[in-house]
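Colleague: sequence? don't have it. structure:
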Ligand SMILES: [Zn+2]
Ligand SMILES: [Zn+2]
């Protein structure tokens, strides 16, 4: 499957022709802040599978996790975990967001209270069991 997408203004783009590592919806507070929304629905890839075009700016939201965003338009496009190299892309940045196939909700302990989940996907208060 080819996943392609980018930021709002188009200066930061990516392509990944790969099977994702996983596809999750994260409700943690760090994601809420970083994307400015109730949750972060993201597709995770092995880092080597993601080709980034343009020059995203990177900011740490925790020692192991960086968020990559477009310095021109401000869109948060990526997450990058330093310990294992995985790269996530926000489903809203995909050229075709319908490619996103969520597998579970994680960190529902900080899910926003008005949000009702009725999609029958597994829900985990923090990380899922390994
Ligand atoms: Zn941009
Ligand atoms: Zn999160």
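Modeller: Structure's in. What do you need? No experiment lies behind these values; they were computed from the predicted model shown. Numbers count the residues shown, from 1 in each chain. Ligands and ions are numbered 1, 2, ... in the order given.

Colleague: for ligand 2, what are the nearby residues on this structure?
Modeller: For the chain, the residues in contact with ligand 2 (Cβ under 5 Å from the ion) are 26, 28, 31. All C-beta spots, glycine's among them, are computed from the backbone N, C-alpha and C.

Colleague: How about the second one: what's its closest non-neighbour residue?
Modeller: So that's residue 28. Closest residue to residue 28 apart from its sequence neighbours, by Cβ to Cβ, 6 or more residues apart in numbering: residue 107 at 3.8 Å.

Colleague: same deal with the last one?
Modeller: The shortest distance from residue 31 to any residue that is not its chain neighbour, by Cβ to Cβ, 6+ apart, is 3.5 Å, and that residue is residue 40.

Colleague: do the same with residue 36
Modeller: residue 76 (7.8 Å).

Colleague: re earlier: I'd assumed residue 123 was in contact with the residue nearest to residue 28.
Modeller: No - checked against Cβ atoms under 8 Å, the pair residue 107 and residue 123 is beyond contact range at 9.7 Å.

Colleague: These two: which is more packed in?
Modeller: In this view residue 107 and residue 123 are compared by other Cβ atoms under 10 Å, and residue 107 has more residues nearby, 22 against 17.

Colleague: Got the confidence number for the more buried one?
Modeller: As predicted, residue 107 sits at a pLDDT of 98.

Colleague: and it, how far is that from ligand 1?
Modeller: Plainly put, residue 107 is 27 Å away from ligand 1 if you go by Cβ to the ion, to the nearest Å.

Colleague: so what's that residue up against?
Modeller: 26, 27, 28, 31, 124, 125, 126, 127 (Cβ atoms under 8 Å, 6 or more residues apart in numbering).

Colleague: For residue 30, list the residues it contacts.
Modeller: So residue 30 contacts 61, 62, 65 (Cβ under 8 Å, 6+ apart).

Colleague: quick one, phi psi at the second one?
Modeller: In terms of degrees, to the nearest 10, the main-chain angles of residue 62 are phi -160, psi 170.

Colleague: who's it bridged to?
Modeller: residue 65 (DSSP bridges).

Colleague: Please consider this matter closed, and thank you.
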